[in-house]
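Following is a predicted model, sequence given first.
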Amino acid sequence: MGNSVFAVTVMAGFFPIFFKSYWSQDVAASLTTARLGYAVSFSSLFVALVAPFLGAWSDGRGNKRLLTVGFGSLGFVCTGALSLIGAGGWVWAIIAYCGGILGFYLANVFYDSLLVGLVPPDKRDWVSSLGYSFGYLSGGLMFAVSVWMTLAPGTFGLSGATEAVKASFWLASAAWAVGTWVCFRLVPEPKVPNQDKPKFKETWAALKQTYQTVRQHQAAWTFLLAYWLYIDVVSTLVVMAVDYGLSLGFQSKDLILALLMVQWIGFPAALGASILGQKIQTKNAILLCLAVYGFVCVWATLLEKKWEFFVLAGLIGLTQGGVQALSRSYYANLIPPDQAGEFFGFYNMLGKFATILGPLLVGTVGLLTHQFLGDSGLGIPHLASRLGFGSLLFPLALGSWIFFKMSRSPQAR
């Protein structure tokens, strides 16, 4: 739950706003969007390269909890460092932000894999959804406090909104630190059989074998391909939606309130996803969530009014936690329990590799459109931003189709 505060307050909320208005002053919107997208892509690429290896290594050594704490510590330290960076320091802001993203994503590799050893298969939908639900609750509560600080800084003894945003980075860092401590002290980890601890060279050999094993599990392998594509949209919306709203000219206050609404809707919706999965089967619930995302992406390219942004935020709140939780539990039921770390290493690798493509696609399409046609080319206001955001429809559609096909195969039943 602690790292959920980082996801909401920093990644989705204040960092895109601060990056555009404070750390990148007097810079074209398409350029700041590209910088933000490339930073996320670089961080995600690193995660994609090391996640499978670290997952395999943790399976042999039984240190998933320790690695969760270690990478979580990297994340909350870098989050706190954001508050120390002055106006115009976009380079340092990007460096600290990338460190926070690395800590967030890599900690989740081991956090996710703990699910298999701690929870029986018939309870994984519920526990996975419960985890996301409490993440939305804790993230929403802490984000509400941060929003209150920015709207009424004097109440907290702060000089203005700028100081309040910097204080929110400290608050997110502290919440993440507390969550990391709770994980270290209270979350158990199943013991691995007594054997020699694997060395790095042996881990690479085991990883190669795991790759072959994953390929032999056809249902799991095909699901990973589909997940890689469709989670692109989910992950990219987290880090780019506020930036997109700013590019269209919406006020930061309205965007923050819409994001806060996502958290409050997401809390019960994530729990409801588990019930929905039981009623109509997990695979059908995932497909329903993906259909909603397709509708959101199409409408977003035509967005003009403030109320439309709030409606789309509500739809995302209804489906975001559900598709994440149900995808994790669906995959957990496809893999061998004794290789959960390795299989979830691939799961997180492909999920983060999708986060490479999404921000990269949004940033590049928007930047190229701006260079060749201008931001209002063809007489369409903010054309560059709209086309960049609309490009997310391609991975979403392909991933949804692959998942639809594989979920109906005999191996996935």
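It's in. As the structure is a prediction and not an experimental result, all values here were calculated from the model.

give the contact list for Thr150.
Residues in contact with Thr150 (Cβ atoms under 8 Å, 6 or more residues apart in numbering) are Ala161, Ala164, Val165, Ser168, Ile256. The C-beta positions use only the backbone N, C-alpha and C, and glycine is treated the same way.

Setting the sequence-adjacent residues aside, check what's closest to Phe309.
Ala258 (5.6 Å; Cβ to Cβ, 6 or more residues apart in numbering).

go on, Ala12?
In space, and not counting its chain neighbours, Ala12 is closest to Val238: 5.1 Å by Cβ to Cβ, 6+ apart.

and the one you found, what pLDDT?
Turning to Val238, the model gives it a pLDDT of 72.

contacting residues around Cys78?
Per Cβ under 8 Å, 6+ apart, neighbours of Cys78: Ala96, Tyr97, Cys98, Gly99, Gly100, Leu102, Gly103.

For it, give its distance to Leu326.
According to Cβ to Cβ, to the nearest Å, Cys78 stands 30 Å off from Leu326.

just Leu137 next, same as before
Leu137 is 18 Å from Leu326, by Cβ to Cβ.

which of these two has more neighbours?
Each of Leu137 and Leu326 has its neighbours counted (other Cβ atoms under 10 Å); Leu326 has more, 27 against 19.

Within the helices and strands, which one has the more buried one?
helix 306-332 (DSSP states H and E).

Leu334 now?
Assigned by DSSP H and E, Leu334 falls outside every helix and strand.

Now it. Nearest residue, chain neighbours left out?
Going by Cβ to Cβ, 6+ apart, Leu334 has Ala220 as its nearest residue, at 4.3 Å.

Per-residue pLDDT of the one you found, please?
82.

And the residue nearest the centre of this structure?
Ser235 (4.3 Å; Cα atoms, centre = their mean).

That one and Leu303, how far apart?
According to Cβ to Cβ, Ser235 and Leu303 sit 20 Å apart.

Check Val5 too.
Per Cβ to Cβ, Val5 is found 28 Å from Leu303.

between those two, which one's more packed in?
With neighbours defined as other Cβ under 10 Å, Val5 and Leu303 compare such that Val5 has more, 29 against 19.

Helix or strand: which one has the more buried one?
helix 2-5.

Surely Gly388 touches Val362?
Yes - contact criterion Cβ atoms under 8 Å: Gly388 and Val362 qualify, at 4.4 Å.

anything in contact with each of those two?
Thr33, Tyr244.

I'd like the next helix or strand past the lowest-mean-pLDDT helix or strand in the chain.
Taking mean pLDDT, DSSP states H and E as the measure, the chain has helix 200-216 as its least confident helix or strand, at a mean of 68. Downstream of helix 200-216, the next assigned helix or strand under DSSP H and E is helix 218-247.

distance of the residue nearest to Leu334 from Gly322?
Taking Cβ to Cβ, one finds Ala220 at 21 Å from Gly322.

of these two, who's got more company?
The neighbour comparison of Ala220 against Gly322 (other Cβ under 10 Å) goes to Gly322, with 27 against 22.

Could you find the closest non-adjacent residue to the more buried one?
Excluding the flanking residues, the one nearest Gly322 by Cβ to Cβ, 6+ apart is Ala273, at 3.0 Å.

What's the separation between Val362 and Leu392?
Taking Cβ to Cβ, one finds Val362 at 7 Å from Leu392.

which neighbours do these two share?
With Cβ under 8 Å, 6+ apart as the test, Val362 and Leu392 both reach Thr236.

Give me the neighbour count for Tyr22.
20.

still on that earlier bit, run a quick check on the residue nearest to Leu334 versus Ala332, I expect a contact.
No - between Ala220 and Ala332 there is no contact under Cβ under 8 Å: 10.1 Å.

Now Ser138: phi and psi?
Here is the backbone geometry of Ser138 (degrees, to the nearest 10): phi -70, psi -40.

what ranges do the strands span in this protein?
Using DSSP state E, no strands are found in the chain.

Tell me what angle the helix holding Leu326 forms with helix 218-247.
Here helix 306-332 points in a direction 160 degrees away from that of helix 218-247 (axes from the mean of the first three to the mean of the last three Cα atoms, to 10 degrees).

Distance from helix 306-332 to the middle of the chain?
Once both centres are worked out by Cα atoms, centre = their mean, to the nearest Å, helix 306-332 turns out to sit 12 Å from its chain's centre.

list the buried ones in it?
The neighbour-count check on helix 306-332 (16 or more other Cβ atoms under 10 Å) flags 309, 312-332 as buried.

Equivalent analysis for stretch 280-296, please.
By neighbour count on 16+ other Cβ under 10 Å, the buried set for stretch 280-296 is Thr282, Lys283, Ala285, Ile286, Leu287, Leu288, Cys289, Leu290, Val292, Tyr293, Gly294, Val296.

from those residues, which single one is nearest Val40?
Tyr293 (18.7 Å; Cβ to Cβ).

Which pLDDT value does the model give the closest one?
90.

now swap in Trp92 and tell me
pLDDT at Trp92 comes out at 92.

I'd say it and Gly99 touch.
No - counting by Cβ under 8 Å, Gly99 is not a contact partner of Trp92; they are 10.8 Å apart.

Between these two, point out the one with more neighbours.
Gly99 (18 against 15).

What separation do you get for the closest residue to that one other than its chain neighbours and Gly103?
Leaving aside its chain neighbours, Gly99 sits nearest to Cys78 (3.3 Å; criterion: Cβ to Cβ, 6+ apart). Plainly put, Cys78 is 6 Å away from Gly103 if you go by Cβ to Cβ.

Can I get stretch 83-102 in CSV, CA atoms only?
C-alpha atoms of stretch 83-102 as CSV (Å, rounded to 0.1, in the frame of the first residue of the first chain):
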residue,chain,number,x,y,z
SER,A,83,11.5,18.1,-3.0
LEU,A,84,15.1,19.4,-3.0
ILE,A,85,15.3,20.3,-6.7
GLY,A,86,14.8,23.9,-7.7
ALA,A,87,13.0,25.6,-10.6
GLY,A,88,14.4,24.8,-14.0
GLY,A,89,16.2,21.7,-12.8
TRP,A,90,14.5,19.3,-15.1
VAL,A,91,17.6,17.1,-15.6
TRP,A,92,17.9,16.4,-11.8
ALA,A,93,14.1,15.9,-11.6
ILE,A,94,14.3,13.3,-14.3
ILE,A,95,17.1,11.5,-12.6
ALA,A,96,15.3,11.3,-9.2
TYR,A,97,12.1,10.4,-10.9
CYS,A,98,13.7,7.5,-12.8
GLY,A,99,15.2,6.3,-9.5
GLY,A,100,11.7,6.3,-8.0
ILE,A,101,10.3,4.4,-10.9
LEU,A,102,13.0,1.8,-10.7
